[in-house]
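> Next come a sequence and a model predicted from it.
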Amino acid sequence: MTETNSEPRPAPRFLSAGDAALVVEFGNAVDPAINHRVMRLGEAARAAGLPGLVDLVPTLRSLMVHYDPTVTSRRAVEERLRDLMADTGGTPVVGRLWEFPTLYGGEMGPDLEDVAKRTGLSPERVVELHAGTGYEAFMMGFMPGLAYLGIIPPELELPRRSEPRVRVPAGSVAIATNLTNVYSLESPGGWHLLGRTPVALFDLHRDPPVLLQAGDRVRFVPVGRDAYDELRDRMEAGDTAFAPVEAEDRA
């Protein structure tokens, strides 16, 4: 995750978000280099124990810093964040690595054939490209446990569906624009469904209930129906022991 781009980086923008939050905006694109800057600042701010810090919310391109205005001020928070940005430099943030067994196509991935047709690829090639790429969790959002993962191979980039579905099953593995995700709960959705994983990304019986964190890494591993059913049955029976391949090692 080390950045090698030598082009000048734009200066971050500090924007007020009400009287108890500050947004640090690093750019205006979905770009791993921009997201790495967000993650580095978030990790540094958390480790520094900023006075009055209430919460940190990383997004694709910005970090929202919630603070207690009775303890600190916007100016003090901004000054401390600027100091932290100077100190962190290019230090990478490495999250946990997860491998999600995924059953592609058929009823689990009803859009696989259409994605293949629209991209001019075979269904097998679509799966090969999607599963052959490692992804980073740029941010959490939309629903509990859902992570926006990127970047997908450019050959697979498509806009969202023109007609969103009313119901998308939990565990659905989907793509849209240059991102992929796993639906953590059943919900409406307009992304293209390539497959499904039996891994529960959100489970109230698990501690913590949310599996992924921003900064984690994800790989999708194609499996057959038998392997999918076996893991699904284990999870439905209450097995919450699904673990990352590598423990987190955050710099």
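Structure received.

> switch to C-alpha atoms for all contacts and neighbour counts from now on
Will do.

> Checking the residue nearest the centre of the chain next. Helix, strand or coil?
Centrality entry for the chain: nearest residue to the mean C-alpha point is Ala137, 2.6 Å, by Cα atoms, centre = their mean. Secondary structure state of Ala137, per DSSP: H, G, I helix; E, B strand; the rest coil, is strand.

> What residues of stretch 191-204 count as buried?
191-203 (16 or more other Cα atoms under 10 Å).

> just to revisit the earlier point, the residue nearest to the centre of the chain against Ala214, yeah?
Yes: counting by Cα atoms under 8 Å, Ala137 touches Ala214, with 5.0 Å between them.

> Pull up the overlap in contacts between the two.
Ala147 (Cα atoms under 8 Å, 6 or more residues apart in numbering).

> so who does the residue located most distally from the centre of the chain touch?
For the chain, the largest distance from the centre (Cα atoms, centre = their mean) belongs to Thr70, which lies 32.9 Å off. Thr70 makes contact with Gly52, according to Cα under 8 Å, 6+ apart.

> What ranges does this protein have for its helices?
Per DSSP state H, the chain carries helices over the ranges 32-48, 74-88, 112-119, 123-131, 225-236.

> Endpoint to endpoint, stretch 132-151 covers what distance?
Start to finish, the residues bounding stretch 132-151 are 12 Å apart (Cα to Cα, to the nearest Å).

> most tightly surrounded among the helices of the chain?
helix 32-48 (a mean of 21; mean count of other Cα atoms under 10 Å).

> related to what we said a few turns ago, same list (the buried residues of stretch 191-204) but as CSV, adding pLDDT.
Formatted as CSV, the buried residues of stretch 191-204 follow (pLDDT from 0 to 100):
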residue, pLDDT
Trp191, 98
His192, 98
Leu193, 98
Leu194, 98
Gly195, 98
Arg196, 98
Thr197, 97
Pro198, 96
Val199, 95
Ala200, 93
Leu201, 95
Phe202, 95
Asp203, 91
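
> Out of these, which is nearest to Leu231?
Pro198 (6.4 Å; Cα to Cα).

> Could you tell me the backbone phi and psi angles at that closest one?
phi -80, psi 0 (degrees, to the nearest 10).

> OK, contacts around it?
Counting by Cα under 8 Å, 6+ apart, Pro198 has contacts Pro101, Thr102, Gly171, Tyr228, Asp229, Leu231, Arg232, Met235.

> what about 7 Å?
Taking Cα atoms under 7 Å, 6 or more residues apart in numbering as the criterion, Pro198 is in contact with Gly171, Tyr228, Leu231, Arg232.

> Which of those residues sits closest to Asp111?
Gly171 (14.7 Å).

> Can you name the residues that contact the closest one?
Val182, Tyr183, Ser184, Arg196, Thr197, Pro198, Val199, Ala200.
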